[in-house]
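1. from the sequence below, what's the structure:
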Amino acid sequence: MAKRISLSRAARLVGVKRGVLQQQIRAGELQTFEGEIVLSDLLHAYPDAQIEDSSMLERVEQIIEQATFINPDSIARKPDNVALTARIMSLSENLSRQKRLLDRYQRFTDELRAEINRLEAQPDALQQLGSWVDQATSRISTDDDTIDQPFVNETFLRVMSAQATVIPSGHEFFVEGAESILEAGLRGGLALNYGCSNGNCGLCKIRVVSGETRRIKHHDYALTEAEKGIGYVLGCCNTAISDVVLEADEAQSTKDIPMQNIPIRIKKIDHPDADVLIVSTRTPRTSRLRFLAGQRATLSIDQVGSGFYPIASCPCDDMNLQFHIGLDKRDPVANYLDESAKANDLLTLEGPVGSFVLNENSSNPLVFIAEGIGFASIKGLIEHAMALDVAEKIFLFWIADSDDSHYLNNLCRAWNDALDNFEYVPLDAEAGEHPGDSILEQLQQDDPTGFDYYLCSGDKIRAGVEQFFDTQAIPKQQVMYETL
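-> Below is the predicted model:
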């Protein structure tokens with residue numbers, strides 16, 4: 001039987017993004033069966049794929065980590081001895097079952113040969129059948145016994161990481177090394193339910209439907225015997241030993257995210273532009289911010305005041321939050337951060353607020369349009385889309401007064417260079433470049449009505465883009481707006 005693998009694992013095996021494979025499937029270049037790809041078909045489409053040649057995947061992951069200011073503990077991402085041994089044992093058991101099955105076929109062949117010998121004096125048809133069995137067994141014994149490299153590569157991935165599938169959403173992510181299921185799920189862009197992430201509150205309870213998990217740290221929260229009996233574990237304190245199917249609560253909308261009040265500390269303040277501050281902050285480990293990409297929060301400073309700003313980072317790294325703040329003499333928080341703040345200063349965050357978030361139920365390619373510092377909200381959405389790794393294509397149109405106002409231009413160009421399914425188009429507002437014309441030019445032969453659009457801009461740009469949407473008959477449910 002042909003070996004099949006999931007779309008997520010196939011993308012990792014050949015070192016491309018899921019969106020690239022989705023495009024090939026839609027174009028008829030690859031076939032799927034019940035959501036899986038035949039391994040031999042994948043290797044035919046990517047004949048040079050090798051597990052050692054993972055430069056594309058590594059580069060993509062590096063770009064995403066730099067973009068979201070992720071600083072993972074390198075030790076936690078490596079398999080510990082127990083987890084690695086358990087995964088290899090699980091694979092060995094599977095190989096053992098296959099070998100036992102092969103031995104049974106061999107015994108069946110021997111018994112069939114003996115039975116044919118007993119009946120050889122009978123009709124010629126039996127002699128012909130005997131000759132066929134001899135030829136078949138001869139081919140089996142003389143077949144090339146070289147290593148099946150695609151199978152070895154795919155097996156290697158299974159040892160180094162376990163794939164988790166969440167029901168009922170169908171979301172997938174990989175658990176690397178001995179990291180917790182919760183950490184891996186958040187890194188994969190999922191809005192899993194959790195609280196302290198330290199084993200005390202029990203909000204990250206998940207039910208293991210199939211597969212094997214192992215506890216990696218002590219927790220004070222006590223699961224009931226009934227919960228244990230039906231497979232509940234704490235996501236923050238367990239890792240996956242094998243591929244697993246998990247039943248878990250996920251935030252479906254902004255209504256599922258509670259308001260939070262959290263003390264955060266400044267890590268650093270950058271000045272990428274004369275008019276913009278990038279403030280990188282960190283939450284306490286036991287009080288991280290649950291939010292959806294694109295939402296906003298209020299930052300308050302004692303004796304100074306407060307300001308309302310977009311969270312310019314991905315929920316996949318909920319401890320490290322980034323804010324892009326425009327310098328404005330009327331904003332006391334911006335002025336204080338520009339003139340007086342220093343690393344380790346304490347701020348108070350209240351939030352999240354807002355409904356400018358990704359529609360995760362849509363499978364459409366994505367078009368993001370930002371004006372000036374509106375890129376802050378768009379950046380979080382793009383990073384979240386990257387973490388989810390489900391968009392076939394992502395376009396970013398960034399409108400600014402001049403080239404100097406694209407204050408993270410290098411980051412966007414790095415995305416463009418590293419990701420096969422990402423296109424970046426900087427636009428100069430002073431040159432009169434109309435975003436609608438640029439969108440049509442970039443989409444080329446694609447149908448504009450088949451995309452989801454996310455726009456963060458001032459009223460003037462919005463009016464022009466809305467006119468483009470009306471002209472192209474873009475369905476209103478496929479357009480999300482956020483006003484600067």
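2. quick one, strands of the stretch 151-300 of the chain?
-> Secondary structure of the stretch 151-300 of the chain (DSSP state E, counting those that start in this stretch): strands at 161-167, 172-176, 205-210, 213-215, 232-234, 238-240, 244-247, 260-273, 276-282, 296-301.
3. next, the contact list for residue 453, please.
-> 367-369, 469, 474, 478-480 (Cβ atoms under 8 Å, 6 or more residues apart in numbering). Any C-beta I mention is one placed from the backbone N, CA and C, and that applies to glycine too.
4. please flag which of those sit within helices.
-> Assignment to helices by DSSP state H places the following of those there: residue 469.
5. highest neighbour count among the contacts of residue 453?
-> residue 369 (27 neighbours; other Cβ atoms under 10 Å).
6. how far away is that residue from residue 382?
-> With distances taken as Cβ to Cβ, to the nearest Å, residue 369 is found 12 Å from residue 382.
7. what sits against residue 478?
-> 362, 364, 449, 451-453.
8. rerun at 6 Å
-> residue 452 (Cβ atoms under 6 Å, 6 or more residues apart in numbering).
9. my guess is residue 425 contacts residue 395. True?
-> No: counting by Cβ atoms under 6 Å, residue 425 sits too far from residue 395 to count as a contact (7.0 Å).
10. which one of the contacts of residue 453 is nearest to residue 118?
-> Each of the contacts of residue 453 was scored against residue 118 by Cβ to Cβ, and residue 478 proved nearest at 71.9 Å.
11. report pLDDT for that closest one.
-> Note for residue 478: predicted pLDDT of 96.
12. so how far is residue 362 from it?
-> For residue 478 relative to residue 362 (Cβ to Cβ), the value is 7 Å.
13. and for residue 341?
-> In this view, residue 341 and residue 362 are 39 Å apart by Cβ to Cβ.
14. and the two? Which one has more around it.
-> Between residue 341 and residue 362, counted using other Cβ under 10 Å, the more crowded position is residue 341 (18 against 14).
15. what's opposite the closest residue to residue 287 other than its chain neighbours in the beta bridge?
-> Of all residues beyond its chain neighbours, the one nearest residue 287 is residue 262 (5.3 Å), with distances taken as Cβ to Cβ, 6 or more residues apart in numbering. Counting by DSSP bridges, residue 262 is bridged to residue 349.
16. thinking again about what came up before, what's the closest of the strands of the stretch 151-300 of the chain to residue 433?
-> Nearest to residue 433, of all the strands of the stretch 151-300 of the chain, is strand 260-273, at 19.6 Å by Cβ to Cβ.
17. list the buried residues of that closest one.
-> By neighbour count with 16 or more other Cβ atoms under 10 Å, strand 260-273 contains the buried residues 260, 262, 264, 266-267, 269, 273.
18. Throw the residues you listed into CSV and include distance to residue 407 and pLDDT, thanks.
-> Below are the buried residues of strand 260-273 laid out as CSV (distance: Cβ to Cβ, whole Å; pLDDT from 0 to 100):
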residue, distance to residue 407, pLDDT
260, 29, 96
262, 27, 96
264, 22, 97
266, 19, 97
267, 19, 97
269, 14, 97
273, 4, 89
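19. farthest-separated two in these?
-> 260 and 273 (29.9 Å).
20. coming back round to it: shared neighbours of residue 425 and residue 395, anything?
-> Common neighbours of residue 425 and residue 395, using Cβ under 6 Å, 6+ apart, are residue 442.
21. show me which of those two is the more surrounded one.
-> Taking other Cβ under 10 Å, residue 425 and residue 395 do not tie; residue 395 has more neighbours (22 against 18).
22. where's that one, which helix or strand?
-> strand 394-400 (DSSP states H and E).
23. may I see the buried residues of the helix or strand harbouring residue 425?
-> Using DSSP H and E, residue 425 maps to strand 422-428. The neighbour-count check on strand 422-428 (16+ other Cβ under 10 Å) flags 422, 424-427 as buried.
24. show me how far it is from its chain's centre.
-> Here the centre of strand 422-428 is set off from its chain's centre by 23 Å, with Cα atoms, centre = their mean, to the nearest Å.
25. can you list contacts of it?
-> Outside strand 422-428, the residues that reach it (Cβ under 6 Å, 6+ apart) are 394-399, 406, 412, 415-416, 433, 438, 442.
26. can you flag the buried ones in the residues you listed?
-> Neighbour-count burial (16+ other Cβ under 10 Å) applied to the contacts of strand 422-428 gives 394-399, 406, 412, 415, 438.
27. turn those into CSV, columns for pLDDT and distance to residue 314.
-> What follows is the buried ones among the contacts of strand 422-428, written out as CSV (pLDDT from 0 to 100; distance: Cβ to Cβ, whole Å):
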residue, pLDDT, distance to residue 314
394, 94, 14
395, 95, 19
396, 96, 15
397, 95, 20
398, 95, 18
399, 93, 23
406, 93, 20
412, 96, 15
415, 95, 13
438, 85, 26
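28. what is the nearest of those residues to residue 9?
-> Nearest to residue 9 out of the buried ones among the contacts of strand 422-428 is residue 394 (Cβ to Cβ; 21.8 Å).
29. for that closest one, give the beta-bridge partners.
-> residue 366, residue 422.
30. could you do residue 452 as well?
-> Beta-bridge partners of residue 452, as defined by DSSP bridges: residue 366.
31. gap between it and residue 469?
-> According to Cβ to Cβ, residue 452 stands 12 Å off from residue 469.
32. and if you look at residue 440?
-> Residue 440 sits at a distance of 12 Å from residue 469 (criterion: Cβ to Cβ).
33. cool, and residue 448?
-> 9 Å.
34. likewise for residue 346?
-> Note on residue 346: its distance to residue 469, by Cβ to Cβ, is 43 Å.
35. now residue 211
-> 45 Å.
36. tell me which element residue 454 is part of?
-> Using DSSP H and E, residue 454 sits within strand 452-457.
37. now do that strand, average pLDDT.
-> Mean per-residue pLDDT for strand 452-457: 96.
38. list the buried residues for that strand?
-> Neighbour-count burial for strand 452-457 flags 452-457 (criterion: 16+ other Cβ under 10 Å).
39. may I see those organised as TSV, with distance to residue 181 added?
-> Formatted as TSV, the buried residues of strand 452-457 follow (distance: Cβ to Cβ, whole Å):
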residue	distance to residue 181
452	29
453	34
454	30
455	35
456	33
457	39
